[in-house]
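**Q** the following comprises the amino acid sequence and a computationally predicted model.
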Amino acid sequence: MIEGFVRSDGRKGIRNVVVVAYLVECAHHVARRIVTAADDLDVHLIGFPGCYPNSYADRMMKALATHPNVGGVLLISLGCESFNRRGLREAVLASGRPCELLVIQDAGGTASTIRAGVEALERIRAEAALVPRAPMRLDELVIGTICGGSDGTSGITANPAVGRAFDTLVEAGAACIFEETGELVGCETIMADRAVTPELGRELEAAVEKAERYYTIMGFGSFAPGNADGGLTTQEEKSMGAYSKSGSSPIAGLIKPGDVPPAGGLYLLDVVPDGEPRFGFPNISDNAEIVELMACGAHLTLFTTGRGSVVGSAISPVIKVCANPETWRRMSGDMDVDAGRILEGQATLDQVGAEIVELVEAVAAGARTRSEALGHQEFILTYKSFEPIGPACLPGRPSRVMVV
Amino acid sequence: MTGSALILLHPDDNVLVCRAPVTAGQTLTIGAVQVPAGADVPVGHKIARTALSAGDKVLKYGAPIGSMTAAVRAGDHVHLHNMKSDYIASHGRDAASEQRA
């Protein structure tokens, strides 16, 4: 049984981590020293490195600091950066979580801020430990999926196995999110046919067209040299494999980073910024996408890999589903599920899909994933900009009372 | 390991995927015919199911994943050296070194 950590907004967490957040790169070192001193798998480092204001970063940091898996927050500011530290602190306190703010320029510099931070962290951890627990059902879970280090086996084994798991989880009422519209180039028409309304279908197609335009201007698709070493040749081949992670459920909505799914069902997360390219590549590496899934409330992420990614994440555990049997044999210490057995005729997609669902339940009940136990807590957040989603994107959403 | 080294993912496909490493010259069974493998081909890579010409769409999962840039025989390795994207160009590790400011 899953014993969730009850939060004031009605959501429940599957972890009760305390995050130390730097609000500019200049405060990163001090924040890291405080986390290192804690030496605790449930104290995590997150942050935003930029000095200039950005509403996306502001929204993401608020969403992450009040994520259901987070029980308390310590903010580390240098002092002169433009991040709205008081706004973030107020948002965390308003959510019922303990939160303290240290400003290095006011606290006497590096050494004294680290000392004060270590003490503050003790207070926050003690208060976070008092959070009530309650039984949590599968339909209260938000689950993301991502592929990284894909190869020619990913689209045959791990990705469709995650698709089967997603079908089961959606059926059980969970909210499941797939993403990276740049990795759906070539799949837009077949995907649009799965939308619950034709209007949503058009939004899904438009999101992929936006991604294709964006990547074309940047000069690169979402395609790494290792993908080619592993047998993939083109963006559309990678896309077809990536798309199979979504399974076969109807697509209930299109969301953007920071939008929490309003109900169970399958959602596409649009990760490509709106407008002309301003801040560079949509997602500079896999963890940037995991961070956006978490900002949408993902309690955990199903990460498929053929070449062998080792990453985990701050805040939300990562379940690694290994597509390639040779990679499994080489790197099994980093992998949670051996989907390569499908390729060798030793398991079916349905069997591996069922294994993934069992593992989701076990991890939600507290079992550590491989990357989590190894201490992987990768986190990266950079500049982006988004427009809010349009009215056709969440057709099932109850209409809101407009306050004039 | 049971069965063939190659998988057909969709009946419309004109490429097969290696589920075990293939060695150049190894006899491959493709449908009712037997052909020699054109090259060493690693797990996850593609092998032509039929003869293909430059400009032909490459079909995998029953969907077009790009176009041939050169002709191949059944049994040949289909990869970046003889096919390309119909959307966005793929790049290798030397791409950044080749870029100009």
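**A** It's in.
**Q** where's A:P395 relative to A:S249, distance?
**A** According to C-beta to C-beta, to the nearest Å, A:P395 and A:S249 sit 15 Å apart. Every residue, glycine included, has its C-beta placed from N, CA and C.
**Q** same question, A:I76
**A** To A:S249, A:I76 is 41 Å away according to C-beta to C-beta.
**Q** ok, now A:E344?
**A** For A:E344, the distance to A:S249 equals 28 Å [C-beta to C-beta].
**Q** neighbour-wise, which of those two wins?
**A** For A:E344 and A:S249, the more surrounded residue by other C-beta atoms under 10 Å in any protein chain shown is A:S249, and the numbers stand at 19 against 15.
**Q** what's near enough to touch that one?
**A** With contact set as C-beta atoms under 8 Å, 6 or more residues apart in numbering or on different chains, A:S249 has these partners: A:166-167, A:170-171, A:176, A:194, A:265-266.
**Q** and chain B, which of those reach it?
**A** Taking C-beta under 8 Å from any C-beta of the partner chain as the test, chain B is in contact with none of the contacts of A:S249.
**Q** dump the residue contacts of A:L300.
**A** Contact analysis of A:L300 by C-beta under 8 Å, 6+ apart lists A:14, A:141, A:143-144, A:316-319, A:360, A:363-364, A:369.
**Q** which one of the residues you listed sits closest to chain B?
**A** Taking C-beta to the nearest C-beta as the measure, chain B lies nearest A:I319 of the contacts of A:L300, at 21.6 Å.
**Q** how deep is the closest one tucked in, by neighbour count?
**A** A:I319 has 26 nearby residues by other C-beta under 10 Å.
**Q** let me know the helix or strand that it is in.
**A** Assigned by DSSP states H and E, A:I319 belongs to strand A:318-322.
**Q** helix or strand right after that strand?
**A** Downstream of strand A:318-322, the next assigned helix or strand under DSSP H and E is helix A:325-331.
**Q** neighbours around the closest residue to chain A within chain B, how many?
**A** The nearest approach of chain B to chain A comes at B:G44, 2.5 Å away (C-beta to the nearest C-beta). Close neighbours of B:G44, defined as other C-beta under 10 Å, add up to 28.
**Q** for it, give me its contacts.
**A** Residues in contact with B:G44 (C-beta under 8 Å, 6+ apart) are A:151-154, A:230-232, A:306, A:324, B:17-18.
**Q** surely it is in a helix?
**A** No - using DSSP: H, G, I helix; E, B strand; the rest coil, the assignment for B:G44 is coil, not a helix.
**Q** Provide a list of residues in contact with the residue of chain A found nearest chain B.
**A** Closest residue of chain A to chain B, C-beta to the nearest C-beta: A:G152 (2.5 Å). By C-beta under 8 Å, 6+ apart, A:G152 lies in contact with A:230-232, A:306, B:17-18, B:43-46.
**Q** now A:P132
**A** By C-beta under 8 Å, 6+ apart, A:P132 lies in contact with A:5-6.
**Q** which residues in the stretch 1-150 of chain A form strands?
**A** Secondary structure of the stretch 1-150 of chain A by DSSP state E, counting those that start in this stretch: the strands cover A:2-6, A:12-13, A:17-22, A:43-47, A:70-77, A:99-103, A:133-136, A:142-147.
**Q** now the buried members of the contacts of A:G152.
**A** Among the contacts of A:G152, those scoring as buried are A:230-232, A:306, B:17-18, B:43-46 (criterion: 16 or more other C-beta atoms under 10 Å in any protein chain shown).
**Q** closest one of these to A:P273?
**A** Set against A:P273, the nearest of the buried ones among the contacts of A:G152 by C-beta to C-beta is A:L232 (25.2 Å).
**Q** name the element that closest one belongs to?
**A** Per DSSP H and E, there is no helix or strand for A:L232.
**Q** what residues are up against the nearest residue to it once chain neighbours are set aside?
**A** Distance criterion C-beta to C-beta, 6 or more residues apart in numbering or on different chains; nearest residue to A:L232, sequence neighbours excluded, is A:K238 at 5.1 Å. For A:K238, the contacting residues are A:150, A:155, A:183, A:222-223, A:227, A:232, by C-beta under 8 Å, 6+ apart.
**Q** switch those residues over to JSON lines; also include pLDDT and secondary structure.
**A** Below are those laid out as JSON lines (pLDDT from 0 to 100; DSSP: H, G, I helix; E, B strand; the rest coil):
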{"residue": "A:S150", "pLDDT": "91", "secondary structure": "coil"}
{"residue": "A:G155", "pLDDT": "92", "secondary structure": "coil"}
{"residue": "A:E183", "pLDDT": "88", "secondary structure": "helix"}
{"residue": "A:S222", "pLDDT": "73", "secondary structure": "coil"}
{"residue": "A:F223", "pLDDT": "81", "secondary structure": "coil"}
{"residue": "A:N227", "pLDDT": "88", "secondary structure": "helix"}
{"residue": "A:L232", "pLDDT": "91", "secondary structure": "coil"}
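**Q** next one, pLDDT for the residue lying closest to the residue of chain B closest to chain A once chain neighbours are set aside please.
**A** Spatial nearest neighbour of B:G44, chain neighbours left out: A:G152 (2.5 Å); criterion: C-beta to C-beta, 6+ apart. At A:G152, the pLDDT value in this model is 90.
**Q** same question, B:A32
**A** Predicted confidence (pLDDT) for B:A32: 88.
**Q** for A:P261, which non-adjacent residue is spatially closest?
**A** That would be A:A175: by C-beta to C-beta, 6+ apart, it lies 3.9 Å from A:P261.
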